[in-house]
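Colleague: next input, structure requested:
(2 chains)
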Amino acid sequence: MKKRYLVTAALPYANGPLHIGHLAGAYLPADIYVRYLRLMGKNVVFVCGSDEHGAAITVRARKEGVTPREIVDKYHTSIRDTFEKIGIAFDIYHRTSEPLHHQTSQDFFRKLLENGQFEEKESDQYYDEVAGQFLADRYIIGTCPVCANPDAYGDQCEKCGSTLSPTQLINPRSTLSGAAPVMRPTTHWYLKLNEHEAWLREWINTGKADGRQLHNPATWKNHVVGQCNSWLDQGLQPRAMTRDLDWGVDVPHEIPHSEGKKLYVWLDAPIGYISATKQWALDHHTNWEPYWKDKDTSLIHFIGKDNIVFHCLIFPAILKAHGDFILPVNVPANQFLNLEGNKLSTSRNWAVWVHEYVAELPGREDDLRYNMIKNMPEQRDSEFTWKGFQESTNTELVGNLAGFVHRVLVLMHKNYSGVVPGIDASREFRSGWDAEQVGTYDSELHRLHLKLEEMGREVEQFNFREALRILMEISSAGNALLQFNEPWKAIKDDPELVKVVLNLALQYVAALSVALRPFLPFAAQRLRQMLNLPLLNDDSALLDIHNELAEGNPVIRPNHALNAAEHLFTRIPDEVIASQVAKLQAAAQANQPAAEKTAPATYPPMKEEIQYDDFAKLDIRTGTILEASKVEKADKLLKLTVDLGFEKRTIVSGIALHFQPEEIVGKQVLVLANLAPRTMRGIESQGMILMAEDAEGRLSFVSPETSWPNGWGVK
RNA sequence: GGCGCGGUAGCUCAGCUGGUCAGAGCGUAUGAUUCAUAAUCAUAAGGUCGGGAGUUCAAGCCUCCCCCGCGCUACCA
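Modeller: Purely as a prediction, here's the structure:
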């Protein structure tokens, strides 16, 4: 067992609020894990913070007519408060705009440079000649090559979610000036990731690095290892660690060619974990370094699956390249959470926003946490539905758990005025775990202990759904214990039985008041209050219970006075669910027409003026498609044979997503006939078919109005 | 097209290196019960473990082919 733990949760990007997908993906599992470790008396630091740099934030700022600073301040505050309200208990929630972070990142850059980890390379990037600056991917918009959305960004299309590069965009234009950008050379520092490939492969697959066993790869999730190997097998390439950005951490100024260059996200965001730890250490007058550099520290990154490669390959490479840092022992990435059958989408407003949830359903933080843990996407994508949320709350939390707690407390007050009775330990009764079995107080306490241990093992293996299920089993067994022994009847003629049974049931409740804290921290405190036990802080309360149970001691001693019974959870009425569903749909619909309305307004800008001679260079001919077939191994390409009258041409055209080969045979088309041949997928294309494209990205052939002879010119 | 991860009872999901692995929770049905928020407890339902072929004494779990979902990636003049 390691001496200390450092747990990180992915830094939220400060250009929008938090939704339930973020929660289920990274923050909730991290929070459960950390709270559990604390209850077990472990030394653990849990860090997170806002990722506040990058072009998306400046784009948003310009759109809203404010400064980037105002954007990140707004969302940093909102996200931080939302985490607090939903009970995510970071030791520190830092931010990457802090000077401490800038220094930390720059120091990393200097160290990597010093270690010879970079190569300076020139590449061509889009440049806006009107605005006079290089364009971040996010500053370039154009038509998405996948879904034909005319307003896709250079890094991603928000309509279809495709990851893009600016050169893939059709008709790219600058968001700064509207001008068509031009390619221009620029210099950047590239991390020689290729040199790290070999050890990364070994480390990922065997857990060994530099001959030392650092982790057991069998404990890593399949999809994490799989995704890494997929990358490794394709060969790691040097990756640019700097960009031409205007909002971020400067490349240290003393370094030549650093003007205008910022550290790219790889050398910015993950280092935020380190600067957060530094700030935490400053605040607590302690040293941050053991948490990042001591072999006896377990470093664990909680992230969503979109972050696997960053955290399992690139960041470890950076840490190793630096030289002094430890590597993560696990990166338990979750998959994605869907909402009511569709992917969560910030831009389409298909989401449950956490800040709205906590405002609209106050006091129901744990209801949400419970349902999200129950459906946590641990191994595969999973689904949140309002109906399911209502069901899990009403049946499992209210019916099973709160019902159990309430009936125990009520029976305690009815029979013993709320004072825990002493018991006859030799008295036998029917076990709540099995109606056929006879149990004693000691044997049943022992069984409780085993269950708690079982739960703990699951948490340690990041199986949070299973861990929570085991706790609910304790509640069910408690209910069964009451059911089988019927204390409400036995009180008349067998009072000793009632004492044992109720005392035992109360031990279950008391154990749950601690064990539930990682999952349902608010309910756990309510329960403590009801039991008249001290509220939990982050001491080793669960470890203490383990120790007591191991000795055969109860969790609550006789003569302890309980507080009044209350409802731990309340039912969610149908109206609440109906209004949430309606709200979700209204938001989605409001968003739909808006997209259509704005679309026609964004015609591609006019290209620069040309002379007749330029036009005259184009040799456009009429032709007829004779044959058409799909190109092997290409989704978008059709191989066409076109009759130009005087000859037949083979033309490869990227229209396969729009037309079936059969339906276009015989079609009359216009062909740009003197375009230089180009080979695609091994086929030489001898020309280009002219197509019209609309705002939706639909394509139409451009043809003569009526049947027309092949091979004649167009002017 | 390539690669990765998935496709298990109505729903949401567990099933590690092949041999009590055919499971859990919810929903449903029937019965029991009334201390408890129309809560609880018991029992049941017969799911060809995406489809097909193969390896093996034995396969959700291994191999091959195919289909579907998600992610990454290639092609788009």
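Colleague: can you give me the neighbour number for A:Ala616?
Modeller: 9 (other CB atoms under 10 Å). For every residue, glycine as well, the C-beta is placed using N, CA and C.
Colleague: and the gap between it and A:Gly711?
Modeller: Distance, A:Ala616 to A:Gly711, by CB to CB, to the nearest Å: 18 Å.
Colleague: cool, and A:Glu609?
Modeller: In terms of CB to CB, A:Glu609 sits 31 Å off from A:Gly711.
Colleague: those two: who's more crowded?
Modeller: A direct count of neighbours by other CB under 10 Å for A:Glu609 and A:Gly711 places A:Gly711 higher, at 16 against 6.
Colleague: could you verify that that one is part of a strand?
Modeller: No: judged by DSSP: H, G, I helix; E, B strand; the rest coil, A:Gly711 forms no part of a strand; its state is coil.
Colleague: so which strand or helix has whatever residue of the stretch 151-300 of chain A ends up closest to RNA strand B?
Modeller: Nearest residue of the stretch 151-300 of chain A to RNA strand B: A:Gly226, at 2.6 Å (CB to the nearest atom of the strand). Using DSSP states H and E, A:Gly226 sits within helix A:222-234.
Colleague: packing partners for that helix?
Modeller: In terms of contacts (3 or more CB pairs under 8 Å, 6 or more residues apart in numbering; DSSP states H and E), helix A:222-234 is packed against helix A:197-206, helix A:308-309.
Colleague: deepest-packed of those helices, please.
Modeller: helix A:308-309 (a mean of 20; mean count of other CB atoms under 10 Å).
Colleague: average pLDDT across whichever helix or strand comes after it?
Modeller: Next in sequence after helix A:308-309, counting helices and strands by DSSP H and E, comes helix A:315-322. If you average the pLDDT over helix A:315-322, you get 93.
Colleague: cool, stretch A:59-67 as well?
Modeller: Computed over stretch A:59-67, the average pLDDT equals 89.
Colleague: can you list contacts of that stretch?
Modeller: A:Asn15, A:Pro68, A:Glu70, A:Ile71, A:Arg138, A:Tyr139, A:Thr175 (CB atoms under 8 Å, 6 or more residues apart in numbering).
Colleague: which residues touch the fourth one?
Modeller: Contact partners of A:Ile71, counting by CB under 8 Å, 6+ apart, are A:Ala14, A:Asn15, A:Ile57, A:Arg60, A:Ala61, A:Glu64.
Colleague: and for the fifth one?
Modeller: When contacts are counted by CB under 8 Å, 6+ apart, A:Arg138 is found next to A:Gly54, A:Ala55, A:Ala56, A:Thr58, A:Val59, A:Tyr153, A:Gly154, A:Asp155.
Colleague: among those residues, which are in strands?
Modeller: A:Tyr153 (DSSP state E).
Colleague: is A:Ile577 in contact with A:Ser392, as I believe?
Modeller: No: the pair A:Ile577 / A:Ser392 is not scored as a contact, 12.0 Å apart, by CB atoms under 8 Å.
Colleague: of these two, which one has the most company?
Modeller: A:Ser392 (20 against 17).
Colleague: give me the pLDDT value at the spatially closest residue to A:Tyr13 that is not a sequence neighbour.
Modeller: Nearest non-adjacent residue to A:Tyr13, counting by CB to CB, 6 or more residues apart in numbering: A:Asp51, 4.9 Å away. For A:Asp51, the model assigns a pLDDT of 94.
Colleague: against A:Tyr75, how distant is A:Asp51?
Modeller: A:Asp51 is 10 Å from A:Tyr75, by CB to CB.
Colleague: quick one: common contacting residues for those two?
Modeller: Joint contacts of A:Asp51 and A:Tyr75 (CB under 8 Å, 6+ apart) are A:Ala14.
Colleague: can you give me the buried ones in stretch A:291-307?
Modeller: A:Tyr291, A:Trp292, A:Thr297, A:Ser298, A:Leu299, A:Ile300, A:His301, A:Phe302, A:Ile303, A:Gly304, A:Lys305, A:Asn307 (16 or more other CB atoms under 10 Å).
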